[in-house]
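> predicted model follows, preceded by the sequence.
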Protein chains: 4
Amino acid sequence: MVKVLILGQGYVASIFAVGLERIKLGELEPHGVPLKDELSIKIDQIEIVGSYDVDKDKIGQSIYDVAKRYHKGNVPESLKQILIRKGIHLNSLRNLSIATEGLDDNNTLTDAVDTLVQEWLDIKPDVFINVCTTESFLPFNSKEELIDAIKKDAKDRVTATQVYVYAAALYAKKVGGAVFVNAIPTLIANDPSFISLAQESNLVIFGDDGATGATPLTSDILAHLAQRNRYVKSIVQFNIGGNNDFLALTDKQRNKSKEYTKSSIVKDLLGYDAPHYIKPTGYLEPLDDKKFIAMHIEYKSFNDAVDELIINGRINDSPALAGLLVDLVRLGKICVQRNTFGTVYEVNAFYMKNPGPKEMASLPKIIAFERLKPWAGIKEN
Amino acid sequence: MVKVLILGQGYVASIFAVGLERIKLGELEPHGVPLKDELSIKIDQIEIVGSYDVDKDKIGQSIYDVAKRYHKGNVPESLKQILIRKGIHLNSLRNLSIATEGLDDNNTLTDAVDTLVQEWLDIKPDVFINVCTTESFLPFNSKEELIDAIKKDAKDRVTATQVYVYAAALYAKKVGGAVFVNAIPTLIANDPSFISLAQESNLVIFGDDGATGATPLTSDILAHLAQRNRYVKSIVQFNIGGNNDFLALTDKQRNKSKEYTKSSIVKDLLGYDAPHYIKPTGYLEPLDDKKFIAMHIEYKSFNDAVDELIINGRINDSPALAGLLVDLVRLGKICVQRNTFGTVYEVNAFYMKNPGPKEMASLPKIIAFERLKPWAGIKEN
Amino acid sequence: MVKVLILGQGYVASIFAVGLERIKLGELEPHGVPLKDELSIKIDQIEIVGSYDVDKDKIGQSIYDVAKRYHKGNVPESLKQILIRKGIHLNSLRNLSIATEGLDDNNTLTDAVDTLVQEWLDIKPDVFINVCTTESFLPFNSKEELIDAIKKDAKDRVTATQVYVYAAALYAKKVGGAVFVNAIPTLIANDPSFISLAQESNLVIFGDDGATGATPLTSDILAHLAQRNRYVKSIVQFNIGGNNDFLALTDKQRNKSKEYTKSSIVKDLLGYDAPHYIKPTGYLEPLDDKKFIAMHIEYKSFNDAVDELIINGRINDSPALAGLLVDLVRLGKICVQRNTFGTVYEVNAFYMKNPGPKEMASLPKIIAFERLKPWAGIKEN
Amino acid sequence: MVKVLILGQGYVASIFAVGLERIKLGELEPHGVPLKDELSIKIDQIEIVGSYDVDKDKIGQSIYDVAKRYHKGNVPESLKQILIRKGIHLNSLRNLSIATEGLDDNNTLTDAVDTLVQEWLDIKPDVFINVCTTESFLPFNSKEELIDAIKKDAKDRVTATQVYVYAAALYAKKVGGAVFVNAIPTLIANDPSFISLAQESNLVIFGDDGATGATPLTSDILAHLAQRNRYVKSIVQFNIGGNNDFLALTDKQRNKSKEYTKSSIVKDLLGYDAPHYIKPTGYLEPLDDKKFIAMHIEYKSFNDAVDELIINGRINDSPALAGLLVDLVRLGKICVQRNTFGTVYEVNAFYMKNPGPKEMASLPKIIAFERLKPWAGIKEN
């Protein structure tokens, strides 16, 4: 059994919950779940046991109620059992015209963290999945600096995600092992402060920024070109969508962190920093969760012939990430079973846009997957 | 030193010759050559020593003269040394409104083969690269049947390529080792008759059908989807170009063999035969060697969300293949050095659309490349 | 009131029926109906009064029953009133693996025509809309030749459409006026034999081949380039779909007539015959009625700069045509009211791919629409 | 004879000069010149008589010298005759890392204007074409306010373009007639202050913002959809290029004015303000003058079927505008011959993105062209 606790009951978490329950009911094949039922832990062993948010309209409601806003078809009844609790806010929804409330509104951070840990000792989750809205953040220089910021109640210095990881570490230490899956761009698996904290607290961290959308495809296409020693002259990648995540990215500071993450792949994959423009570009409400992507790549082939590729797509953002989470929660639990704490590059390299730890490069996803399978105990067919 | 003999001095062979000489002159980087200068044999050790064709306008001319028709810029003077000789015809240019003459016009096949072998013993090539126009062909059931057809002068049963391989085998046996790179769709590395002939004649065969154009990209994109367990609903791939190869494919029978080769990848890569329409579709003269490709892929993601990818490209056909040949001639020579005869799946899996031997499946090209490198003695960086 | 009789109860006719009834019920805006409610005859004055087909599975069923196969949502109950009658076959569904029966199976053509005319005198339609499957056909040289073929029961010489027009002319003469909208490629409005027959029989003919899909868009884009005097070097247009019409076009002879129609626009619009490849290319079942199109246009701009446009689309085939029919039946009735018989270029130029009469060229659709409005009595805003 | 004076000797002006001279030499067809040689004034009657810039590297050089930087092939020798003079600066190149000098550096605006008018009385141009870099600007409320700003030497209030128009008006009054073609986004033909000034000064103004790139195509495609009453759900249009104009647009304030201009077309053409994201998005140097565009349009067809169009292009930016200028200078001269001063909507509607005067809407370009031809005295064929 893998007990999962959701941090941020938005689009991704709702699709994750609906899809998972439908697979367990036999209504759905596990499309979009890379390791399907090949792991030692099966999909039907995953159980959602809790959920947190800071949207006033969601707190106190069931996952069922909230999921109905995002999923057009039937929502499984089993999701009526879990009510959404009040989480950490810290301005994570600013500029989004959503009425919010958080544990930190009238409490110090220390008190808020205590509350969380107490609740979790009650709920007993194995895995936390962090699917909050993209935040504007600053990394930490050391574990001490992080602990200090929380102790000093420095609400402008820390983000919701950073507080959640801290609380998860305290919890993991008490129960002997837990997992934090960071599916958003905030640097956690890439921040040595958090890795060090995790290692000494029996916490597994996967991160950062779930590898969905255009970037993993770009990664594999660049690998395709690199293997043929084609010289990439320029890369353009546009993204536009209509979900809350794109709306949040119109906030300039948040967009910055995303941009940093995504652009690092070019040099990692090609070996040189080909001129590129890779950005989540805009928000257009009617596109909803199905974003539009446009890529243009120009490169030199043999004898300096110039070729061009143009790639367009309509891609459902949230299901892509939700499907990866079905693997990540199980891989996390396997780490706990193996007493492997800190972070795991073999996992991050495939599932994350910005795979931690910091010093590791991006790999072509196709190759990362080949290397993941033996780590996960899956035999080559 | 790798001595190369060209069979079919068309677009590909001309760009191969021009690009190779320009790289040797230091005018050009080896873009489009996958293994660059990482092999034990370096690019500047390749020397073109002979060329054959059946186009009356080419026979007797130098590669320099012919290459000027295909390459817009300066053609290296060194290509003035090699004159094009009369090759095997056997209707390989039918329907192409080109005036032709072949060794087989006034000779039996046996005599034509004798002539070739005699000339080759004189020229002493290490590697034959076959870049004739796409042929309409039938595979053989056994080596004996092949030998019998040539002995009986069955000019309707055999194609130019098949005769060239037979002659190359006779030559290889006499000199102790040679290589035949089959870059066109005629089944050679996939025909057990030829593999058996090669093994007993000290011939290395690489084939079949150089992995250029849209298909290797399609292969890597399908692998990308398969790894995420996305369920592919449909695949469309159009190709249109204006070079002689596209013109030849308007000939229905030739198109058929091409279609067979290309479609096999879908099941190999996905594990199921997703409905697909993958064809070289048409000929349009002004597109010249820079073909236009259009792909459409629709698939199911997690929770049965439906995504779409559309990929368009303008891709120079001949340089893509020519760049691969720069590796293949060197890898072939390495096989001879290692006394490895017959065919080599590790090489074919990356460089060929239809990698022989027959019983082996298509691999995603990105993975095939990862497996090729250790075989070729290249260290992981 | 405009009473409409359907010939060929397939995808288009079913969507036409469903959409029309839903607009009348107020469930739907008239999207896709160019003249909306700007005509003197309003949309809610259109009434479907009869339907014919030769598919055994449809004859005797109601439009409601058949429409349920094509329209995913609710089908209006009003469509239960009209039962589908047995029509003219003449091999129009050959190669489609559909069990058929037709009035012509056990009757002479003359008898079949008599039956139709008798039934129609009973039903009293104002307008026939012909949305049969694309046929393989031969035009007629004269009205006499047509009449002769029917009299001689030359079932191999005439198509279902040609017989229907002949019957409609007999009917129109008796009732003083009727309309035949030919939405398929068979030349009717472009065949002087039928125009002459129509003129003396009080029949209005609109045709040929409803202007849907990629071609009208191509037309407007070519006009866009022509107006800037850009020199078009090449045009590629692929189409692939999964409805019965695409399946029928895999039948080589049918495809031929379609190709003829579509290609004529290039010279009409550009003034020169730019090299082009414009074809409905293939059939792929999972695409269903939503075809995939891919266009590539390369042209010279000022100072001989070379530009490229690539246009892709997913376009629902049947609704596009069904929306035009909502205008055409009303425009036809207006012709009868005005005593205008034969064919009307002002109407055909906008609504048809191959606008009759024969001697008239294709116009850019945007301009054709500007000229249609005054003809239809619509004031410029 | 039409004597042309260039304001801003950048990419567009250089391609204009090269292309014009090559056409006059018979080296080139007038591709990209909409009215070809159909006007009463022929292309070979156009003569370039002067040029101004504020780039230190250009002042004092000949057009020939400067054009060599932009045009890859041979530049006609005749362009050696015209030397580039020092123009008005006013920060128009700020943030572009170009060393500049302007007449306004050490002079009052009044003196700078006097210098210009004196020089022009010497050179005797008929037409000024303004192809300066996109500026950040504020419109004027009245002619008086404009005159006042110049008199008071308010260098922060006025832009180079605004000063040039003012000087051109003074000049036109003295010589009895002149033309100012404003091909950049600064509102001139849309600013009633300038129109009023022009009318009383015998100046013709065409503007604003030459209709090149993706926007006119978008306009015609939206018209195509509007005519079929398809309901547009969303419109995305990305643009990225590598010329100085795209670099200038990374300057936030300049980008703003461009955005304003381009977005106005949606409501004008559709009749409702469909949600849209239409922006020049980014700068990527290797794309040079050949920008990449990507458009996505989603709309409802009949029976609420949802269709999608995706349009990509590689479009040479400068030649597109340069070709229009060949018409505009001649149409301007025709206005002077007809004593038509102020601005002319018939001309602007086709050639401009933001056609003045202010109160006039955007028309589909195809229709605007149909209306232009009779105005220009061109007979329908």
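Right, received. Where do you want to start?

> for the stretch 101-250 of chain A, which spans come out with low pLDDT?
Regions of the stretch 101-250 of chain A meeting the criterion pLDDT under 70 are absent.

> residue in it nearest to chain D?
The stretch 101-250 of chain A approaches chain D most closely through A:Ser234 (4.2 Å), counting by Cβ to the nearest Cβ. From N, CA and C alone the C-beta is placed, and that goes for glycine too.

> got the angle for the helix or strand containing that residue vs strand D:231-241?
Per DSSP states H and E: A:Ser234 is located in strand A:231-241. On the basis of axes from the mean of the first three to the mean of the last three Cα atoms, to 10 degrees, strand A:231-241 is oriented at 150 degrees to strand D:231-241.

> so what secondary structure elements neighbour strand A:231-241?
The helices and strands touching strand A:231-241, judged by 3 or more Cβ pairs under 8 Å, 6 or more residues apart in numbering or on different chains; DSSP states H and E, are helix A:214-227, helix A:252-270, strand A:276-283, strand A:290-300, strand D:231-241, strand D:276-283, strand D:290-300.

> CA atoms only: put the next helix or strand after it into PDB for me.
Next helix or strand after strand A:231-241 toward the C-terminus (DSSP H and E): helix A:244-249. The C-alpha trace of helix A:244-249 is given here as PDB (Å, rounded to 0.1, in the frame of the first residue of the first chain):
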ATOM      1  CA  ASN A 244      -4.000  28.500 -13.700                       C
ATOM      2  CA  ASP A 245      -0.400  27.500 -14.200                       C
ATOM      3  CA  PHE A 246      -0.200  29.600 -17.400                       C
ATOM      4  CA  LEU A 247      -2.000  32.400 -15.700                       C
ATOM      5  CA  ALA A 248       0.500  32.300 -12.800                       C
ATOM      6  CA  LEU A 249       3.300  32.500 -15.300                       C
END
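
> identify the residue spatially nearest to the one residue in the stretch 251-381 of chain A that gets nearest to chain D, adjacent ones excluded.
Nearest residue of the stretch 251-381 of chain A to chain D: A:Ala294, at 3.6 Å (Cβ to the nearest Cβ). Once flanking residues are discounted, A:Ala294 sits nearest to D:Ala294: 3.6 Å by Cβ to Cβ, 6 or more residues apart in numbering or on different chains.

> next one: the nearest residue to the residue of the stretch 101-250 of chain A closest to chain D once chain neighbours are set aside, what pLDDT does it get?
Distances taken as Cβ to Cβ, 6+ apart put D:Pro286 closest to A:Ser234, at 4.2 Å, once the chain neighbours are dropped. For D:Pro286, the model assigns a pLDDT of 96.

> isn't there a helix covering D:Pro286?
Yes: assigned with DSSP: H, G, I helix; E, B strand; the rest coil, D:Pro286 falls within a helix.

> state the distance from it to D:Arg314.
12 Å (Cβ to Cβ, to the nearest Å).

> centre of the chain versus the strand holding A:Ser234, how much separation?
What separates the centre of strand A:231-241 from the centre of its chain is 22 Å, taken as Cα atoms, centre = their mean, to the nearest Å.

> what comes up buried for that strand?
Within strand A:231-241, the residues scored as buried using 16 or more other Cβ atoms under 10 Å in any protein chain shown are A:Tyr231, A:Val232, A:Lys233, A:Ser234, A:Ile235, A:Val236, A:Gln237, A:Phe238, A:Asn239, A:Ile240, A:Gly241.

> can you name the residues bridging to the residue of the stretch 251-381 of chain A closest to chain D?
In this entry, A:Ala294 is beta-bridged to A:Phe238, A:Asn312, by DSSP bridges.

> what does the stretch 51-200 of chain A put close to chain B?
A:His71 (Cβ under 8 Å from any Cβ of the partner chain).

> so what's the closest residue to A:Lys151 other than its chain neighbours up against?
Spatially, and ignoring its direct neighbours in sequence, A:Lys151 is nearest to A:Thr110 (6.4 Å; Cβ to Cβ, 6+ apart). Neighbour list for A:Thr110: A:Ile150, A:Lys151, A:Asp153 [criterion: Cβ atoms under 8 Å, 6 or more residues apart in numbering or on different chains].

> how about the most far-flung residue of chain A relative to its centre, phi and psi?
In terms of distance from the mean C-alpha position of chain A, A:Asn303 ranks first, at 42.3 Å (Cα atoms, centre = their mean). Main-chain torsions, A:Asn303, degrees, to the nearest 10: phi 60, psi 30.

> against C:Arg228, how distant is the residue nearest to A:Ala294?
Counting by Cβ to Cβ, the gap from D:Ala294 to C:Arg228 is 21 Å.

> can you check A:Pro192 too?
Distance, A:Pro192 to C:Arg228, by Cβ to Cβ: 58 Å.

> tally of neighbours for the residue of the stretch 251-381 of chain A closest to chain D?
When neighbours are defined as other Cβ atoms under 10 Å in any protein chain shown, A:Ala294 has 26 of them.

> ok, it to chain C distance?
According to Cβ to the nearest Cβ, to the nearest Å, A:Ala294 and chain C sit 11 Å apart.

> same question, A:Asp44
29 Å.

> try A:Pro319
19 Å.

> residue ranges of the strands in the stretch 101-250 of chain A, please?
A:127-130, A:178-182, A:203-206, A:231-241 (DSSP state E, counting those that start in this stretch).

> re earlier: contact partners for the residue nearest to A:Ala294?
D:Ala294 makes contacts with A:Phe238, A:Ala294, A:His296, A:Ile310, A:Asn312, D:Val236, D:Gln237, D:Phe238, D:Ile310, D:Ile311, D:Asn312, as judged by Cβ under 8 Å, 6+ apart.

> cool, thanks, talk later.
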